[in-house]
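Undergrad: Return atomic coordinates for the entry below.
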Amino acid sequence: MTSQHPIGTVKGPGETPNDYLFIAPDPERRVKHGEFVYYVTTVDGDERQILGRVTGRRPVKLFPDSFLADPGVPPASVAALLGYESDATELFEITVTVLGYHSPQLGDFINPRVPPVNGAPVYIAADDLLGAVLSKRRRGERGSAHIGSLLSRPEGAVPIALDVRGFTGTHLAVIASTGSGKSYLAGVLLEEMLAPHNRAAVLVVDPHGEYSTLQEMMNLAEFSAGNYKPRVRIFRPDQLRVRIDTLTLADLRYLLPNLSEKMHYQLSRAFGFAQRSVKNGHYTLEQLLYAVRQTAEGKKSDEAGFDEDDPTTGALIWRLHAALGNSRIFHDFENLELDELFKPGQCTIIQLNEIDRREQQVIVATLLRRVYQARMDTAKGKLDRGDRSHLPYPVFCLLEEAHNYAPANADAVSSDVLKTILSEGRKFGVGIGLITQRPGKLDGDVLSQCMTQCIMRITNPIDQNRIAESVESVGRDLLRELPSLSKGQVVVSGASVNTPVLLKVRKRITQHGGQDLDAPAEWMRWFEEDRPAQEERAAALYVEKKINYEDDGDVLWA
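TA: Modelled structure (predicted):
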């Protein structure tokens, strides 16, 4: 789309010091909202192309209203009859927000702070110029994640690649309404992270079972190079285990809601007693229950070890049995080991469907807490290479339905550990990716600490306001685009791109596992396939029962 001819002329400054206006006859509608244009000026003795993004467009001259009176007669025909210059209606005033010229040394745009001269020509930015300056990384190079192409250009003309170092170091947020394509985009990102040029260590918390199709990567040539093939491991609900002694006192209290003050006090004493009484703090549920009995006030020194008449002790023991003893998740000895969950070139999917919400939050809290502690201890030299918690490489954890793990205006046991990692995790190589369809329900502090944002269609005003409050790098003009975005279109901003861009997500290589059910097609299939089979089985059962009745001499046929 390189153009040697100007498409407009500078009119003057805009409403802000960072805007300017130009006039363009645009009959071909090339100057779209979000398009990139530039003017040429001299900065420090060098000629520079000063890039800007189109943020507004309005017609300068319209047909008179009387030309529009008859819908059956085109206004251009009326204009021709009256000798009116119809081409004048194709004149537009374009508002441009200045980005500046790109500095390869700084890896950023430098705004010259000098507006263009009135009458200066304005040009459409060429594809190769945009390909060189919008993305921090080139497609296919180490540390790049090619997720799509610039929306204002033909598909594929200007590929956009995120800087993987940017979003794994300073965290990522993917925000979209239901059906906008957020899980599809997440799948594209995971494909890029497991590609041969990245080979990431990734954990996905999957509450709906949507990411199992990523296993296709292990058999596709696109993801192989030499002796490298990515590995995708799936831990289904019946395989998940959390060892009881890895739970903190806060976890136990969260699993046992509505405790009395006396129960809270006794649980605290029992928790400390259990940790002190066993080697290395590895206690079982039975040992925790014993600690509850031993710390009961007014305890009798009988063989049972507790006062059976004490209602607090009995109630606390019953609740611990119900929450831990009857759960398929919490176990005395088994655990999800970190050296099984994280390896470079491996994507581990933790499926949490069919698991209670509180248990989901505790699972996420314990996993993140252990990962963060392991990375800290490894970085500080406290863990040897043979230790199962030894993590000598950075890791990235992607959380679907993130508002469930850090809800706004509500307490969840996973919130505090998430906030800790988001504020301090970059020092130890623990990156977080949050995916949510309701940013209004996500804790504002959590969202604001994600320095790369991928924002898709958002129609809820509360969610739009939360984004505007928490995301600083997205311009107001792009935020206004959010309700009108189509499926698969996304605004990307922050640390992983040089400037906010509006792009179309590329096609996934693996199948998407989050497709919506086609209810009418399923109903029709039942009539065509399932119903005849059911009627045949019913008829066979009817004949079988009739024969049995006749054999028993209990025939009651009319």
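Undergrad: With adjacent residues omitted, what lies nearest to Asn111?
TA: Leaving aside its chain neighbours, Asn111 sits nearest to Gly100 (3.9 Å; criterion: Cβ to Cβ, 6 or more residues apart in numbering). (Glycine included, C-beta is placed from N, CA and C.)
Undergrad: Any idea how many residues pack against that neighbour?
TA: Residue neighbour count, defined by other Cβ atoms under 10 Å, stands at 20 for Gly100.
Undergrad: isn't there a helix covering Pro257?
TA: No - assignment of Pro257 by DSSP: H, G, I helix; E, B strand; the rest coil gives coil, placing it outside any helix.
Undergrad: Next, it: phi, psi?
TA: phi -70, psi 160 (degrees, to the nearest 10).
Undergrad: re the thing from before, who is the residue nearest to Asn111 paired with across the strands?
TA: Note on Gly100: beta-bridge partners by DSSP bridges are Leu51.
Undergrad: Please report the distance of it from Thr420.
TA: For Gly100, the distance to Thr420 equals 36 Å [Cβ to Cβ, to the nearest Å].
Undergrad: now do Arg138
TA: For Arg138, the distance to Thr420 - Cβ to Cβ - is 35 Å.
Undergrad: And Leu129, by the same measure?
TA: Taking Cβ to Cβ as the measure, Leu129 falls 42 Å from Thr420.
Undergrad: quick one: which of the two has more around it?
TA: Neighbour count, other Cβ under 10 Å: between Leu129 and Thr420, Leu129 has more, with 19 against 14.
Undergrad: Leaving out the residues flanking it, which one is nearest to that one?
TA: With Cβ to Cβ, 6+ apart as the criterion, Leu129 has its nearest non-adjacent residue at 7.1 Å, and that residue is Gln49.
Undergrad: dump the residue contacts of the one you found.
TA: Tyr38, Tyr39, Val40, Tyr101, Ala125, Leu129 (Cβ atoms under 8 Å, 6 or more residues apart in numbering).
Undergrad: Secondary structure class of the last one, three-state.
TA: With three-state DSSP as the basis, Leu129 sits in helix.
Undergrad: Same check on the first one?
TA: Using three-state DSSP, the structure places Tyr38 in strand.
Undergrad: Tally up the residues packed near it, please.
TA: As a burial measure, Tyr38 scores 22 neighbours (other Cβ under 10 Å).
Undergrad: can you pull the contacts of it?
TA: Residues counted as contacts of Tyr38 (Cβ under 8 Å, 6+ apart) are Gln49, Ile50, Leu51, Gly52, Val122, Tyr123, Ala125, Leu129.
Undergrad: Spatially, which residue comes closest to Ile147, not counting chain neighbours?
TA: Ile147 sits nearest to Val188 (Cβ to Cβ, 6+ apart), 5.2 Å away.
Undergrad: and the gap between that neighbour and Leu194?
TA: Where Leu194 is concerned, Val188 sits at a distance of 11 Å (Cβ to Cβ).
Undergrad: Please apply the same query to Arg537.
TA: The gap separating Arg537 from Leu194 is 45 Å, by Cβ to Cβ.
Undergrad: Look at the two and report which has more neighbours.
TA: Using other Cβ under 10 Å, the more surrounded residue of Arg537 and Leu194 is Leu194, with 26 against 10.
Undergrad: quick one: that one and Val202 touch, right?
TA: Yes - at 7.1 Å, Leu194 counts as touching Val202 under the criterion of Cβ atoms under 8 Å.
Undergrad: overlap in contacts of these two?
TA: Contacts common to Leu194 and Val202, judged by Cβ under 8 Å, 6+ apart, are Cys347.
Undergrad: check which helix or strand covers Ile94.
TA: strand 91-103 (DSSP states H and E).
Undergrad: Tell me which strands whatever helix or strand comes next after that strand pairs with, and in which orientation.
TA: Where DSSP H and E defines the elements, the next helix or strand beyond strand 91-103 is strand 108-110. Under the criterion DSSP bridges, strand 108-110 sits next to strand 91-103 (antiparallel) in its sheet.
Undergrad: on that earlier part again, so which bits of the strand holding Ile94 are buried?
TA: By neighbour count on 16 or more other Cβ atoms under 10 Å, the buried set for strand 91-103 is Leu91, Phe92, Glu93, Ile94, Thr95, Val96, Thr97, Val98, Leu99, Gly100, Tyr101, His102.
Undergrad: Looking at that strand now, give me its mean pLDDT.
TA: Across strand 91-103, the average pLDDT comes to 92.
Undergrad: I'd like to know how far Ser496 sits from Tyr184.
TA: According to Cβ to Cβ, Ser496 and Tyr184 sit 18 Å apart.
Undergrad: between those two, which one's more packed in?
TA: Neighbour count, other Cβ under 10 Å: between Ser496 and Tyr184, Ser496 has more, with 28 against 20.
Undergrad: residues in contact with the more buried one?
TA: Lys136, Ala145, Leu162, Asp163, Val164, Gly166, Phe167, Leu172, Thr452.
Undergrad: Which one among those sits at the bottom for pLDDT?
TA: Lys136 (91).
Undergrad: Who does the residue lying closest to that residue once chain neighbours are set aside form a beta bridge with?
TA: Counting by Cβ to Cβ, 6+ apart, Lys136 lies nearest to Asp163, which is 4.0 Å off, once chain neighbours are set aside. Taking DSSP bridges as the rule, Asp163 bridges to Ser144.
Undergrad: and Asp163, what is it in contact with?
TA: Counted by Cβ under 8 Å, 6+ apart, Asp163 has contacts Ser135, Lys136, Arg137, Gly143, Ser144, Ala145, Ala495, Ser496, Val497.
Undergrad: quick one: which of the residues you listed is nearest Leu106?
TA: Closest approach to Leu106 among these (Cβ to Cβ): Lys136, at 11.4 Å.
Undergrad: what residues does stretch 273-282 touch?
TA: Contact with stretch 273-282 is made by Arg243, Asp245, Tyr283, Gln287, Leu288, Tyr290, Ala291, Gln294, Thr295, as judged by Cβ under 8 Å, 6+ apart.
Undergrad: Show residues contacting stretch 316-334.
TA: Residues outside stretch 316-334 that contact it (Cβ under 8 Å, 6+ apart): 237-238, 240-244, 247, 252, 255-256, 259, 263, 266-267, 270, 284-286, 288-289, 292-293, 355, 359, 363.
Undergrad: Go through the contacts of stretch 273-282 and name the one nearest Ala225.
TA: The closest of the contacts of stretch 273-282, once distances to Ala225 are taken by Cβ to Cβ, is Arg243, at 37.3 Å.
Undergrad: Can you report how many residues lie near the nearest residue to the closest one once chain neighbours are set aside?
TA: In space, and not counting its chain neighbours, Arg243 is closest to Asn335: 3.9 Å by Cβ to Cβ, 6+ apart. By other Cβ under 10 Å, 17 other residues sit near Asn335.
Undergrad: And Asn335, how far from Asp416?
TA: Separation of Asn335 from Asp416 (Cβ to Cβ) stands at 21 Å.
Undergrad: Check Asp206 too.
TA: 23 Å.
Undergrad: So for those two, which sits in the more crowded spot?
TA: For Asp206 versus Asp416, the count of surrounding residues by other Cβ under 10 Å is larger for Asp206: 25 against 14.
Undergrad: Check what pLDDT that one gets.
TA: On the pLDDT scale, Asp206 gets 95.
Undergrad: May I have the residues that are in contact with it?
TA: Counting by Cβ under 8 Å, 6+ apart, Asp206 touches Ser212, Ile349, Ile350, Gln351, Leu352, Asn353, Glu400.
Undergrad: Could I get the contacting residues of the residue nearest the centre of the chain?
TA: Nearest to the geometric centre of the chain sits Ile435, at 2.6 Å (Cα atoms, centre = their mean). If a contact means Cβ under 8 Å, 6+ apart, then Ile435 has Ala173, Val174, Ile175, Lys182, Ser183, Ala186, Leu398, Leu399, Glu400, Glu401, Ala402 as its contacts.
Undergrad: Okay then, goodbye and thanks.
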